[in-house]
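Undergrad: the amino acid sequence is not available; the structure is as follows:
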């Protein structure tokens, strides 16, 4: 049996997305059918639409989502119908070399649903990040469902991608320690999540860097103790001045451009850590003096999905949200209907929103 649902589809490179009726199969072995309640509009979805991630069109967009399990296939034991879940794109295999050495957050063989969702004419859809959640229902691997206590789905779903990337960059990848100084370059949703993560970790000084004063003001609400407008001020000089002339213990690049990475590299203290969480494009190149790489010591790290383990991190972060210690609601700028996703992409370019969230 298939389920006819409305969904957002990108049919061709660069073309506006459309809302179409798609067919979602009943779950097979190891799969789960999820009734989506909310899904955030992430830059990754725009990258799919623009053909920057792949050319396997048509794409079923959406991945930053929460909802309720409606049905499960054979051999599924971790979730049952009625469970409230956050969807994730790291369903660890448990068998690859990373999993075997006790580092499943680096899993090399994450699972997706085996069956494909399709258009009504039978054309197979490529689900964004193996999820495809701009849809009333979606089919995923059961391991992509992380059960958490029932909370506001608009907020919880954001942990499925962008917020986890930023929080994890600070909490998992760096990791930030109590009393450290932290600088975050780029104060969009991921950067602000990194600021919130640094505050949770007990950082003593958190410096937010951006070219937009509106974003810097918002960064202060997430925990930034100081702000630097890098359009007017050299950020390396400013970060050093704010850290006794030394540089920050941890600098997180949430932009992902050669210029911002170089700023992060030179703005860290000796033996400090740089974390790259912003996603660069394939054409970008980085040039650094190798002597400085050697002489400054420390660590240069990349954070992929915040080095998260969903089964460990999502419940913990939801608990912090329920305790009032992590304000996920503040990241939800607006809630929108399914047919407003294209308008949400336009708002991304103007910097008007942290997150637009589709609600069903």
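TA: Received the coordinates, thanks. As the structure is a prediction and not an experimental result, all values here were calculated from the model.
Undergrad: separation between the closest residue to residue 272 other than its chain neighbours and residue 275?
TA: Among residues not flanking residue 272 along the chain, residue 298 sits closest, at 4.7 Å (Cβ to Cβ, 6 or more residues apart in numbering). The way it works is simple: take the backbone N, C-alpha and C, and place the C-beta from them, glycine included. Distance from residue 298 to residue 275, counting by Cβ to Cβ, to the nearest Å: 11 Å.
Undergrad: same thing with residue 24?
TA: Distance from residue 24 to residue 275, by Cβ to Cβ: 37 Å.
Undergrad: likewise for residue 344?
TA: Distance, residue 344 to residue 275, by Cβ to Cβ: 28 Å.
Undergrad: between those two, which has more neighbouring residues?
TA: Using other Cβ atoms under 10 Å, the more surrounded residue of residue 344 and residue 275 is residue 275, with 30 against 22.
Undergrad: at which residues are the helices of the protein located?
TA: 43-49, 97-100, 153-156, 162-168, 189-201, 213-222, 235-241, 258-266, 290-296, 310-322, 341-350 (DSSP state H).
Undergrad: of all those, which lies closest to residue 130?
TA: When these are compared by Cβ to Cβ, helix 43-49 sits nearest residue 130, at 11.9 Å.
Undergrad: tell me which other helices or strands the closest one touches.
TA: Applying 3 or more Cβ pairs under 8 Å, 6 or more residues apart in numbering; DSSP states H and E, one finds that helix 43-49 makes contact with helix 341-350.
Undergrad: how about the helix it packs on: buried residues?
TA: 341, 342, 344, 345, 347, 348 (16 or more other Cβ atoms under 10 Å).
Undergrad: with adjacent residues omitted, what lies nearest to the fifth one?
TA: Pointing back at residue 347 there. Among residues not flanking residue 347 along the chain, residue 353 sits closest, at 5.0 Å (Cβ to Cβ, 6+ apart).
Undergrad: where does the one you found land on pLDDT?
TA: Listed pLDDT for residue 353 reads 90.
Undergrad: where does the chain dip in pLDDT?
TA: Applying pLDDT under 70 to the chain flags no residue at all.
Undergrad: now do the same end-to-end measure for stretch 247-262.
TA: The first and final residues of stretch 247-262 sit 13 Å from each other (Cα to Cα, to the nearest Å).
Undergrad: give the buried residues for that stretch.
TA: Within stretch 247-262, the residues that count as buried by 16+ other Cβ under 10 Å are 247-257, 260-262.
Undergrad: one more: stretch 307-320?
TA: 307, 308, 309, 310, 311, 313, 314, 317, 318, 320.
Undergrad: quick one: the second one and residue 222, what's the gap?
TA: In other words, residue 308. 19 Å.
Undergrad: cool, the fourth one as well?
TA: For residue 310, the distance to residue 222 (Cβ to Cβ) stands at 22 Å.
Undergrad: got it, and the third one?
TA: Look at residue 309 and residue 222: by Cβ to Cβ, they are 24 Å apart.
Undergrad: re the thing from before, list just the nearest of the buried residues of stretch 247-262 to residue 127.
TA: Distances from residue 127 to these, taken by Cβ to Cβ, are shortest for residue 256, at 24.0 Å.
Undergrad: the closest one is in contact with residue 280, isn't it?
TA: Yes: under the criterion of Cβ atoms under 8 Å, residue 256 makes contact with residue 280 at 4.5 Å.
Undergrad: before we move on, back to that, quick one: contacts for the residue nearest to residue 347?
TA: 333, 334, 344, 347 (Cβ atoms under 8 Å, 6 or more residues apart in numbering).
Undergrad: where's the closest residue to the third one other than its chain neighbours relative to residue 106, distance?
TA: Using Cβ to Cβ, 6+ apart and skipping residues adjacent in sequence, the residue nearest residue 344 is residue 356, 3.8 Å away. Between residue 356 and residue 106 the distance, using Cβ to Cβ, works out to 31 Å.
Undergrad: these two: which has the busier surroundings?
TA: Taking other Cβ under 10 Å, residue 356 and residue 106 do not tie; residue 356 has more neighbours (22 against 15).
Undergrad: wait, that one touches residue 333, no?
TA: Yes: with contacts counted by Cβ under 8 Å, residue 356 reaches residue 333, the gap being 6.4 Å.
Undergrad: would you mind measuring from the residue lying closest to residue 215 once chain neighbours are set aside to residue 113?
TA: Closest residue to residue 215 apart from its sequence neighbours, by Cβ to Cβ, 6+ apart: residue 187 at 4.2 Å. According to Cβ to Cβ, residue 187 stands 35 Å off from residue 113.
Undergrad: these two - which one has more neighbours?
TA: Of the pair residue 187 and residue 113, residue 187 is the one with more neighbours under other Cβ under 10 Å, namely 29 against 26.
Undergrad: so the residue lying closest to residue 219 once chain neighbours are set aside bridges to which residues?
TA: The spatially closest residue to residue 219, leaving aside those adjacent along the chain, is residue 208, at 3.7 Å (Cβ to Cβ, 6+ apart). Partner residues in beta bridges with residue 208, using DSSP bridges, are residue 184, residue 227.
Undergrad: ok, now which ones touch residue 208?
TA: Per Cβ under 8 Å, 6+ apart, neighbours of residue 208: 183, 184, 187, 191, 195, 216, 219, 220, 224, 226, 227, 228.
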